[in-house]
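Novice: Attaching a predicted model along with its sequence, questions to come.
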Amino acid sequence: MQREKFSSRVGFLLISAGCAIGLGNVWRFPYIVGKYGGAAFVLIYLFFLVALGLPIMVMEFSVGRASGRSAAASFRVLEPKGSRWHIFGYVAMAGNYLLMMFYTTIGGWMIAYLFKMLSGSLSGLSTSEVEEAFLSLQKSPLQSVFWMALTVALGFFICSFGLQKGVERVTKKMMSVLFIILLLLAAHALTLPGAGEGLRFYLIPDFRKMAEEGLFEAVFAAMGQAFFTLSIGIGSMAIFGSYLKREYSLTSEALNVTILDTIVALLSGLIIFPTCFSYGVSPGSGAGLVFITLPGLFGSMPGGRWWGALFFVFLSFTALSTVIAIFENIIAFAQDLWGWTRKKAAFINMAIVTLLSLPACLGFSLFSAIEPLGPGSAILDLEDFIVSNNLLPLGSLVYLLFCVTRHGWGFENFLAEADAGKGLRFPRALRGYITFVLPAVILIVFIGGYMEKFF
């Protein structure tokens, strides 16, 4: 079966960036930047983004393009005879399903809030009233399942039309609109009274604050954010490499995706800090920031209903771009393993993912008694922990070792694929670094994630 390819380089870049750009760019990145000294932290983060995330993204793209397959079959195509690397393909498949088992619930909340903003139902509410509205959404099984199922249906419906006519066409439009909305929201935030104070807090280096929080903690936070922001380790990037022609080097492509991801994270901070400082509230992290703090602020500002709606269009597109990218990977699994048609794979997986998403979706209502990570935790938190703190770092380690050891694909084969086409070459001089140093750093991030979670 002839494998479909991207119609343009722009399509590849925007879809790959859409997969990498997740909600962590919005509800975690600005918070940790402010916590660890503003621009001082950003410099450390950018260093680790290039040193940690970029090489592994190049490796994922290379494995995908060289094999012309998804993670389900790519290792089997490239591995030495008699080796067992292909077993990881099933782990990567499980990782993609598991990611969607909780991400679709959060995506559903985003779309629900978009409609709430457009209808004006959040306008004029106090922060406590907005919090009640969010808890009401979480605790309503009917509402939660409806918005989650809508997210799943939208994603697979778009994917069912094909790579070019569905995934590429829709994601290009969504990502283009996303960047325009980001610029509009940032420009508006900068005009709010008191925005300058938020801007100074965000952009002026404060090494004293970094020292207060602890230099080691700041460095580890930068490593963790740089590592997790690119969605590497479960083959979600390898699939797009498999659809890519050999016109451009993969180091250039990975660098461009990394730049787009970083721009979204930085612009999110330009929206959140000026807005929060203008209204005298703390820019916290997580769901509280996105679903409680910011909606409350939008509801109290002139024209806030429409600015809030724009903000949730941006967030909905952020969530949907990731959902579509991962669903494309899931569809490719079925095509590679069982030879299913795209429509059949989309239809069957739509039912499977909807059913698998129910535990996290109902974890705040019918299954709220289940607290797998201790009091106050939910099923969603456990699924997030398994993916973010286990499968992503350990999966990245597998891709790394596969590309650098003679028992795997091997460094020379990786380098030949990464350097095929016009653009930047992967530095051969980094072989020692990626063979010995980078695996150790990944293990540090992995162990540190457990330390942070449980100690």
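Specialist: Everything's here; your move.

Novice: Report the secondary structure element holding P302.
Specialist: Counting by DSSP states H and E, no helix or strand carries P302.

Novice: mind checking the SS state of L358?
Specialist: With DSSP: H, G, I helix; E, B strand; the rest coil as the basis, L358 sits in helix.

Novice: That one touches A149, doesn't it?
Specialist: No: counting by Cβ atoms under 8 Å, L358 stays clear of A149, with 9.4 Å between them. All C-beta atoms are positioned from the backbone trio N, CA, C, and that covers glycine.

Novice: Can you tell me the closest non-neighbouring residue to V145?
Specialist: C361 (5.7 Å; Cβ to Cβ, 6 or more residues apart in numbering).

Novice: my read: that neighbour touches M148, true?
Specialist: Yes: counting by Cβ under 8 Å, M148 is a contact partner of C361 at 4.6 Å.

Novice: So between these two, which is more surrounded?
Specialist: C361 (30 against 27; other Cβ atoms under 10 Å).

Novice: measure the more buried one to E131 for me?
Specialist: Between C361 and E131 the computed distance is 20 Å (Cβ to Cβ, to the nearest Å).

Novice: P193 too?
Specialist: With Cβ to Cβ as the criterion, P193 and E131 are 25 Å apart.

Novice: higher neighbour count, the two?
Specialist: Neighbours were counted for P193 and for E131 using other Cβ under 10 Å; E131 has more, 17 against 10.

Novice: Report whether the expected contact of that one with I292 is present.
Specialist: Yes: checked against Cβ under 8 Å, the pair E131 and I292 is within contact range at 4.8 Å.

Novice: buried set for the strand or helix carrying T251?
Specialist: Using DSSP H and E, T251 sits within helix 250-278. Residues 250-258, 260-262, 264-278 are the ones in helix 250-278 that count as buried (16 or more other Cβ atoms under 10 Å).

Novice: if I look at the closest residue to T151 other than its chain neighbours, how far off is A51?
Specialist: Closest residue in space to T151, ignoring its immediate chain neighbours: G107 at 4.2 Å, by Cβ to Cβ, 6+ apart. Per Cβ to Cβ, G107 is found 31 Å from A51.

Novice: who's more crowded, those two?
Specialist: Relative neighbour count places G107 above the other of G107 and A51, with 27 against 16, counting by other Cβ under 10 Å.

Novice: if we can go back for a sec, quick one: the helix holding T251 to chain centroid distance?
Specialist: 12 Å (Cα atoms, centre = their mean, to the nearest Å).

Novice: Tell me the helices and strands packed up against it.
Specialist: helix 9-20, helix 24-27, helix 29-35, helix 54-67, helix 169-190, helix 195-203, helix 294-300, helix 411-418 (3 or more Cβ pairs under 8 Å, 6 or more residues apart in numbering; DSSP states H and E).

Novice: I'd like the next helix or strand past that helix.
Specialist: helix 287-288.

Novice: Contacts for that next one next, please.
Specialist: Residues from elsewhere that reach helix 287-288, judged by Cβ atoms under 8 Å, 6 or more residues apart in numbering: W27, I106, F134.

Novice: close enough to count as contact, the last one and L294?
Specialist: Spelled out, it's F134. No: at 11.4 Å, F134 does not count as touching L294 under the criterion of Cβ under 8 Å.

Novice: out of those two, which sits in the more crowded spot?
Specialist: L294 (28 against 21).

Novice: what's the more buried one in contact with, if anything?
Specialist: Counting by Cβ under 8 Å, 6+ apart, L294 has contacts I272, T275, G308, F311.

Novice: Now the two most distant members of those.
Specialist: Pairwise distances across the contacts of L294 (Cβ to Cβ) peak at 13.2 Å, for the pair I272 and G308.

Novice: Could you find the closest non-adjacent residue to the most centrally placed residue in the chain?
Specialist: Closest residue to the average C-alpha location of the chain: G22 at 3.2 Å, with Cα atoms, centre = their mean. Of all residues not flanking G22 in the chain, T322 sits nearest, at 5.3 Å (Cβ to Cβ, 6+ apart).

Novice: Check which residues of the helix or strand hosting that neighbour are buried.
Specialist: Following DSSP H and E, one finds T322 within helix 304-338. Residues of helix 304-338 classed as buried by neighbour count (16+ other Cβ under 10 Å): 304-305, 307-337.

Novice: quick one: average pLDDT of it?
Specialist: If you average the pLDDT over helix 304-338, you get 95.

Novice: got the buried residues for stretch 110-130?
Specialist: Buried residues in stretch 110-130, counted by 16+ other Cβ under 10 Å: M110, I111, A112, Y113, L114, K116, M117, L122, L125, T127, V130.

Novice: May I have that stretch as CSV, with CA atoms only?
Specialist: The C-alpha coordinates for stretch 110-130 follow below in CSV (Å, rounded to 0.1, in the frame of the first residue of the first chain):
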residue,chain,number,x,y,z
MET,A,110,-11.7,23.4,26.8
ILE,A,111,-14.5,23.2,24.2
ALA,A,112,-17.1,23.4,27.0
TYR,A,113,-15.6,26.6,28.3
LEU,A,114,-15.5,28.1,24.8
PHE,A,115,-19.2,27.7,24.6
LYS,A,116,-19.6,29.0,28.1
MET,A,117,-17.6,32.1,27.2
LEU,A,118,-19.6,32.7,24.0
SER,A,119,-22.9,32.3,25.8
GLY,A,120,-21.9,34.8,28.5
SER,A,121,-22.7,32.3,31.3
LEU,A,122,-19.3,33.1,33.0
SER,A,123,-19.6,36.9,32.6
GLY,A,124,-19.7,38.9,35.8
LEU,A,125,-19.0,35.9,38.1
SER,A,126,-16.6,36.1,41.0
THR,A,127,-13.6,33.7,41.1
SER,A,128,-15.5,31.5,43.6
GLU,A,129,-18.5,31.3,41.4
VAL,A,130,-16.3,30.4,38.4
